[in-house]
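[1] Kindly return the folded structure for what I paste below:
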Amino acid sequence: MSTAAIAERTREATINDRVEAVAWTDVSAHLDGYGWGMVEKILTPDECRAIAGLYDDDRLFRSHVVMARHGFGRGEYKYFRYPLPDLIAGLRTALYGRLAPLANRWNESMGIDVRYPDAHADFIERCHKAGQTRPTPLLLQYGTGDYNCLHQDLYGEHVFPFQVAVLLAEPEKDFTGGEFVLTEQRPRVQSRAEVVPLRRGDGVIFAVHHRPMQGARGVYRVNLRHGVSRLRSGRRHTVGVIFHDAT
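    The predicted model follows:
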């Protein structure tokens, strides 16, 4: 086996080990209760710097979006092309394996017939057969005054119920402001906001579209949107791991 292959296998095992070490019972309970859960230090500081440093290499990306041109906010992001960087591909595969059972439980409770296979490769094959062939993991960059409007990342018929954002910069050192924000819209009730206290290397798992909530007449669907508040200073990078591909 080549040195590069050994290094790749070691890196993948490390990501798998970190994902397996997460207290998934606690994360699942928080997702059930609030629509998001945090996985701390899922990436190391060196990995965060390395991923953020990819932003200027356009060979790695399939498209570049300037948010202000589309009314999305201020800032910019780039979608990776296939093949994804090893670290991001490994994180995507490992996290999906842990989240698929929860996704199936959520769909069952909300009366949604769709079920997700155990392996991410099988789910991607389902997406590609439906014409969703463009990779969706992305790298976001914000500067002073930038923000991301509340939104949902839906991209096509096949949508995995969760996605993950990992903060690559250190709050209060590399930037100020720029908090990750979620809002929850419940029927006949005013919206509720959640601010997630991320540090560098932390990931937030959150509902892409809606989550189940127990009501007096059974389970109903709560709609969620996510965004980033205005940066007051500095620069902020985030990697977004979306599990379904786009049309």
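
[2] Counting neighbours, which bits of stretch 61-81 end up buried?
    Neighbour-count burial for stretch 61-81 flags F61, M67, F72, G73, R74, G75, E76, Y77, K78, Y79, F80 (criterion: 16 or more other Cβ atoms under 10 Å). Backbone N, C-alpha and C define where each C-beta goes, glycine included.

[3] ok, those vs A193, which is closest?
    G73 (16.4 Å; Cβ to Cβ).

[4] Which helix runs longest in the protein?
    helix 86-109 (DSSP state H).

[5] Give me the packing partners of the helix or strand that comes right after it, helices and strands only.
    Following helix 86-109 in sequence order, the next helix or strand is helix 120-129 (DSSP states H and E). The contact analysis (3 or more Cβ pairs under 8 Å, 6 or more residues apart in numbering; DSSP states H and E) places helix 120-129 against helix 86-109.

[6] Now do the helix it packs on: which elements does it pack against?
    Using 3+ Cβ pairs under 8 Å, 6+ apart: helix 86-109 touches helix 3-21, helix 24-34, helix 45-52, helix 120-129, strand 162-167, strand 210-215, strand 236-242.

[7] Measure how the third one sits relative to strand 236-242, angle-wise.
    Spelled out, it's helix 45-52. 80 degrees (axes from the mean of the first three to the mean of the last three Cα atoms, to 10 degrees).

[8] mind exporting stretch 160-171 as PDB, just the C-alpha atoms?
    Only the C-alpha atoms of stretch 160-171 are listed here, as PDB (Å, rounded to 0.1, in the frame of the first residue of the first chain):
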ATOM      1  CA  PHE A 160     -32.100  14.200   3.700                       C
ATOM      2  CA  PRO A 161     -33.700  15.700   6.900                       C
ATOM      3  CA  PHE A 162     -30.400  16.900   8.500                       C
ATOM      4  CA  GLN A 163     -27.300  18.800   7.500                       C
ATOM      5  CA  VAL A 164     -24.200  19.900   9.300                       C
ATOM      6  CA  ALA A 165     -22.200  23.200   9.500                       C
ATOM      7  CA  VAL A 166     -18.700  23.100  11.000                       C
ATOM      8  CA  LEU A 167     -17.200  26.400  12.100                       C
ATOM      9  CA  LEU A 168     -13.600  26.800  10.900                       C
ATOM     10  CA  ALA A 169     -12.700  30.100  12.600                       C
ATOM     11  CA  GLU A 170     -12.400  31.100  16.300                       C
ATOM     12  CA  PRO A 171     -15.100  33.400  17.700                       C
END
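
[9] Buried residues of that stretch, list them for me.
    F160, P161, F162, Q163, V164, A165, V166, L167, L168, A169, P171.

[10] got the contact list for the residue nearest to the first one when sequence neighbours are not counted?
    Put plainly, it is F160. Spatial nearest neighbour of F160, excluding adjacent residues (Cβ to Cβ, 6 or more residues apart in numbering): F243 at 3.9 Å. Under the criterion of Cβ atoms under 8 Å, 6 or more residues apart in numbering, the neighbours of F243 are R92, L95, Y96, L99, H120, F123, T136, F160, F162, Q163.

[11] In helices only, show me the buried residues of stretch 61-81.
    Using DSSP H, none of the buried residues of stretch 61-81 sit in helices.

[12] And stretch 133-150, end to end?
    Criterion Cα to Cα, to the nearest Å; first-to-last residue distance in stretch 133-150 is 25 Å.
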